[in-house]
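Enquirer: Kindly generate the corresponding structure for this input.
(5 chains)
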Amino acid sequence: MSEFYRKPKLPDLDMPIGKRARLHRLLYEKGIGGGKMLVLPIDQGIEHGPINFFVNPDGKHPRFELELARRGGYSAISFHYGLAAKYRREYPDIPVILKINGKTNIPSDDQAFSALTATVEDAVRIGCDAIGYTLFVGSPMQAEDMAQLMEVRSECDRYGMPLVVWSYPRGAAIDKKGGKDHFYAVDYAARLAHECGADVVKVNFPKVTFDMDKFGKPPAPYDNLDIDEFEAFRQVVESAGDSMVLVSGGSKMGDEDLLNKVELSMKAGATGLIFGRNMWQRKMDDALALTARIREIMLKY
Amino acid sequence: MSEFYRKPKLPDLDMPIGKRARLHRLLYEKGIGGGKMLVLPIDQGIEHGPINFFVNPDGKHPRFELELARRGGYSAISFHYGLAAKYRREYPDIPVILKINGKTNIPSDDQAFSALTATVEDAVRIGCDAIGYTLFVGSPMQAEDMAQLMEVRSECDRYGMPLVVWSYPRGAAIDKKGGKDHFYAVDYAARLAHECGADVVKVNFPKVTFDMDKFGKPPAPYDNLDIDEFEAFRQVVESAGDSMVLVSGGSKMGDEDLLNKVELSMKAGATGLIFGRNMWQRKMDDALALTARIREIMLKY
Amino acid sequence: MSEFYRKPKLPDLDMPIGKRARLHRLLYEKGIGGGKMLVLPIDQGIEHGPINFFVNPDGKHPRFELELARRGGYSAISFHYGLAAKYRREYPDIPVILKINGKTNIPSDDQAFSALTATVEDAVRIGCDAIGYTLFVGSPMQAEDMAQLMEVRSECDRYGMPLVVWSYPRGAAIDKKGGKDHFYAVDYAARLAHECGADVVKVNFPKVTFDMDKFGKPPAPYDNLDIDEFEAFRQVVESAGDSMVLVSGGSKMGDEDLLNKVELSMKAGATGLIFGRNMWQRKMDDALALTARIREIMLKY
Amino acid sequence: MSEFYRKPKLPDLDMPIGKRARLHRLLYEKGIGGGKMLVLPIDQGIEHGPINFFVNPDGKHPRFELELARRGGYSAISFHYGLAAKYRREYPDIPVILKINGKTNIPSDDQAFSALTATVEDAVRIGCDAIGYTLFVGSPMQAEDMAQLMEVRSECDRYGMPLVVWSYPRGAAIDKKGGKDHFYAVDYAARLAHECGADVVKVNFPKVTFDMDKFGKPPAPYDNLDIDEFEAFRQVVESAGDSMVLVSGGSKMGDEDLLNKVELSMKAGATGLIFGRNMWQRKMDDALALTARIREIMLKY
Amino acid sequence: MSEFYRKPKLPDLDMPIGKRARLHRLLYEKGIGGGKMLVLPIDQGIEHGPINFFVNPDGKHPRFELELARRGGYSAISFHYGLAAKYRREYPDIPVILKINGKTNIPSDDQAFSALTATVEDAVRIGCDAIGYTLFVGSPMQAEDMAQLMEVRSECDRYGMPLVVWSYPRGAAIDKKGGKDHFYAVDYAARLAHECGADVVKVNFPKVTFDMDKFGKPPAPYDNLDIDEFEAFRQVVESAGDSMVLVSGGSKMGDEDLLNKVELSMKAGATGLIFGRNMWQRKMDDALALTARIREIMLKY
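Expert: Here you go, the predicted structure:
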């Protein structure tokens, strides 16, 4: 590892004081502790619709996720203004990362862009601890997205709110360069969010193979690297520099696959995980049991 | 006690969500817990000057108070922007009630008025949990003071910040109506802060006697009530209605007197205490030992 | 009565639509009905302090007044922001005239001026139906007061909020011209409020005699009119023109005196009464019984 | 050379005082000195992605570039807000040209436009010394770009910040008129930036030949000038008038080619160079050795 | 010395990045270096009028002070907007602390208050490095002064500008409590500036004796401390906590007295000196010779 790299860790960061106090709560005072972050997102009602709730109908109701976050000892829950404003009151002890932009998946992702559903000031007023923003890297709407992110980042600076960027490659261009899940795409996304001022970057775990027929190939040398997914992700973490990295869960996996993902992520330098469907598509007891195992792994690092 | 009175308690309050989340932290997640509040103020450097630090020179350094707040398990520390901005970073786990107005005691109190040293937005930016404001009740500058409080209260509403009002009778008029410490004055001060929108009211423990020669007498029936200080304070708590009440410590007392004050305050319905000089004018060990005894008493109620 | 005078009555008024809809609620849908208004004010905690609550300790608690307003069928309750924000939620059915300025009576009334405790926008946000504003007519601070009233009136126009002006003569100048309760003073106060844009003017019932030694005499011809109080008040009502007139109760009276005041007021053209201490300094049952008799009288007119 | 041309040199300029003080620092107090400027840009993480860091993995970490800038004696570093805000604190002595707009190269350059990632006020707040802005000359988005540049230029005037314009021909239209690197395109770009208010213009070293099949030909007389690249660049420098000119390094070259470029640039009147990949794609020692040779050449002019 | 005290030193400070970069320039890159600050103020033309220039007529002309600052190697010059805007252009290498408020000494100091002559934004625009503000502690205008300081401090935060507070006791009240130069007054002034958010506090060297007849006595224990001026100043430095302390020169002294003051100040923990009349009331050669001796002493600490 380069002598010029230093893994971001809150006590080492010269972070603005308000961001520092709020992140300290998520990383040390709540949830996993020890500088680790485990987040429970429930914004899929916007992103995918109620379709995701059929597997476990309880999951449709935010009180289920809030209860899971409380009992499971999550660092924070993440949802949109409508849910925060209506359900947060009953769970004032659960930190909230207010997700402030989103979109449905009804239109195609060709022009992917997530509109704001709330402002940073809204998040302050209802007592949230951080802001979540989705940036679609490489989309034809990228310029609008970056401009919107700049405004959000600026408000985060104004109010001392930590900024968590869901940094997702999207659109026709990336689909021709190895696809949105390839190391090239994820690496670029992590870097863009970092350079745009994210305090925390949320990425998908990268793939090192690509389907030439479907997605073409990524630019050299990404098309011909002899590394595994773990090493690829380790490099993604480095590309994010002083921004902390969270790994997305994505769609539901088996227990062992999920735990393996946790292990690899933490080992490679991630600050934590953000698992939604993988948790609330399980019954409460299963979800809690799995959470306990995740926590155990996280605390090893 | 009137059937129309209900002691304010956070779980019962239909408080705006941001205020609720922030107060929950002070009342349940930090410090004493159980809905009690013990605050360590260190704004005397402005109010009285460094004169207060001679007794215990360590007390001059905010790191002493922050350390005391952490080790003693206080619900919050309260100080001005200059101290918060410079020392808070090292103690991100200690909740802060940002004191946003103050004055020196060099000029007389005839025209007592505390100028703003920070804004509610400042408090948000540096990650504070509540606002502290001094209102001088009955001062010739009362109209300016109430107008300034209104602006502050309005910003607190905008940002979901709890408002703690240091409600202090002051000025020539109250000095002729029994003095600033008499039940009449304290009772009025508690009520004014309550009606002006305070979430928490800080008052001095009232006296039921008065020095006729020095201060004249309070208006009837306050000049002729057959009640003791405990009952007087109990009525003050009721006058503050749904606003929680904190009792000031004032200048340094002996241990037993102080503990007795705690006992009486809690028994009469106070939500907690705010003790500055009584704590940081003691050595660290003494202060911690005394804090432990205070906590014990508070948890009985 | 002049052919040019027309008693203000809501269905006849070409009032801005928002003000009309809100006043309609108070005058026809709630309370007395039939275009009459009976208001229960509880702002004395600021104006006089808790001193007013000793007679009937239940009265200290706003839930008592809200309960009385509900059971007694009042047109509205009137209190300050702190009480409205904290207790209104439990009584969403009671219309609220938000009293938005006030002062304590600790300093003398020489420089009487009531500072704002809330804005018209606050009143909109918490769902109030009208604004109450105290104007001190003739005070040395009169210019500041009128300027502040102008701002409030302008915000009322902007938001369609009815404006009720507590129009009270005050200060050294009026004390030398027959005193603040004389027909001269009250008549002038009613007119000033009317000309400044009040939708409703609250006045004290005028006196036609004066204490020459104490207060000097009012300017001619007020010093030598051969009319009784009823006729004086009738002329005050006419001075208020198209602004509706409410009569204050003032300090507590005997039942028959109070009912007589109601009778005279309504007969002389008042739109209603605003009785505070006269109601909540009585026990609930007494207050309700007296309210029933007041209602009976009001409905005759 | 025309008698009407005067090479821009800071002591001669009647520049607004803030711009002058800040540019003085870069040109005389830091770096090369003597009115020369050597800038180290590290915005390729946005423009090209982490792909540029594979050659020298240390280069991925901004501390490497900051260290190189310090040890090599650069006039300034140039990067985006995310890097400036996170790493600048450790190197307060290195002047910063905050790059405030950018884009990824994932989508094609057909609609090239760089969105803002920061404001001029951000640059002031974090203590930067100049603003860097990319203008895509000839792009279909040119109007939006010029409008955005106008806003930025206006803010630079407001805050006394020097404005450095990365003036790059781009888009389908220029691709049909000799291509983006031809003298015609570069000359036009230099002039546009100059006329839009740039204090410093960054251009690529122009070519005087063109690939007729691929890019068509530039308009006369650019298609038929009997001059070499040196003379072309000299004319570009004159087209930029009183705006200083910096030459881009572009992708990595051999040492001698690079030094030759420096020599030609300085000889032709450039104020300096801005070399990124050519420096940080080398190991620290190589980069420092090369920097020393560049400095030597620059100081000759 | 208390274990809770830590002498402020720039590399140790968790200061906002812009303030840090600008202070770094004054403390390490310019002037004395090594974290020391020597400032040359020339605002006496406002504070005292041209009367101060008779001793050395050259001193009337800001180019004299700028030349002295350059040749003498001062950390910064400090003057008002009019001088900065007119003369700064010729000396862009000299850092400027823009003095943004002031007053003449034509009226008495009874109601001492310094009006703004420039804004923080002005200072940014003309490229200054810090803000100088005079606060009159204990003046009857103290509330207005603190409110104005709050606005200035807030703008300094917005723009990352270091704030240097000239903290001066003034007014009738302090004249009755030992006078403006006594340890009590200076100690209070240092603390107030610190708590109000000063990054650097400028104070006068305190006296430990007082003229009972003229100034009354300071409050206990200040009236009866058995310490010398050095120890008093050491305690003042501690009262200023994490704010750096500069010592004023005041009116002209003999060389040895001045050098002794430098020695005592640095030994007691000051960050530096701010000497105006003591320098520019000397001829250039004398001033330079004396500056060289001051620098020598400063570098010992």
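
Enquirer: Going by C-alpha atoms from here, please, whenever you check contacts or count neighbours.
Expert: Will do.

Enquirer: where does residue A:37 land in three-state SS?
Expert: strand (DSSP: H, G, I helix; E, B strand; the rest coil).

Enquirer: residues contacting the residue in the stretch 1-150 of chain A that chain C sits nearest to?
Expert: Closest to chain C within the stretch 1-150 of chain A is residue A:125: 14.7 Å, counting by C-alpha to the nearest C-alpha. Applying C-alpha atoms under 8 Å, 6 or more residues apart in numbering or on different chains, we find residue A:125 in contact with B:17, B:18, B:157, B:158, B:159, B:160, B:161.

Enquirer: Okay, and the most centrally placed residue in chain A sits in which element?
Expert: Nearest to the mean C-alpha position of chain A, by C-alpha atoms, centre = their mean, lies residue A:202 at 3.2 Å. Residue A:202 is located in strand A:200-203, with elements delineated by DSSP states H and E.

Enquirer: which ones are touching residue A:161?
Expert: Going by C-alpha under 8 Å, 6+ apart, residue A:161 touches A:18, A:19, A:22, A:120, A:129, A:130, A:131, B:125.

Enquirer: Per-residue pLDDT of the residue of the stretch 151-300 of chain A found nearest chain D, please?
Expert: Of all residues in the stretch 151-300 of chain A, residue A:197 sits closest to chain D, at 3.7 Å by C-alpha to the nearest C-alpha. As predicted, residue A:197 sits at a pLDDT of 97.

Enquirer: That one - nearest residue in space that isn't next to it in sequence?
Expert: Leaving aside its chain neighbours, residue A:197 sits nearest to residue D:82 (3.7 Å; criterion: C-alpha to C-alpha, 6 or more residues apart in numbering or on different chains).

Enquirer: wait, is the one you found part of a strand?
Expert: No: counting by three-state DSSP, residue D:82 is not found in a strand; it is helix.

Enquirer: Neighbours of it, how many?
Expert: Applying other C-alpha atoms under 10 Å in any protein chain shown, we find 23 residues neighbouring residue D:82.

Enquirer: what sits against it?
Expert: A:194, A:195, A:196, A:197, A:198.

Enquirer: Show me which residues of stretch A:246-264 are buried.
Expert: Of the residues in stretch A:246-264, A:246, A:247, A:248, A:249, A:252, A:258, A:259, A:261, A:262, A:263, A:264 count as buried by neighbour count, 16 or more other C-alpha atoms under 10 Å in any protein chain shown.

Enquirer: Please apply the same query to stretch A:207-218.
Expert: Neighbour-count burial for stretch A:207-218, counted by 16+ other C-alpha under 10 Å, picks out A:207, A:208, A:209, A:210, A:215, A:216, A:217, A:218.

Enquirer: farthest pair in the residues you listed?
Expert: Farthest-apart pair in these is A:207 and A:216; separation 14.4 Å (C-alpha to C-alpha).

Enquirer: Nearest residue to residue A:134 in space, ignoring adjacent ones along the chain?
Expert: residue A:166 (4.5 Å).

Enquirer: Can you pull the phi/psi pair for that neighbour?
Expert: phi -70, psi 100 (degrees, to the nearest 10).

Enquirer: So residue A:281 versus chain E, what's the distance?
Expert: 44 Å (C-alpha to the nearest C-alpha, to the nearest Å).

Enquirer: Kindly report the same for residue A:37.
Expert: Taking C-alpha to the nearest C-alpha, one finds residue A:37 at 25 Å from chain E.
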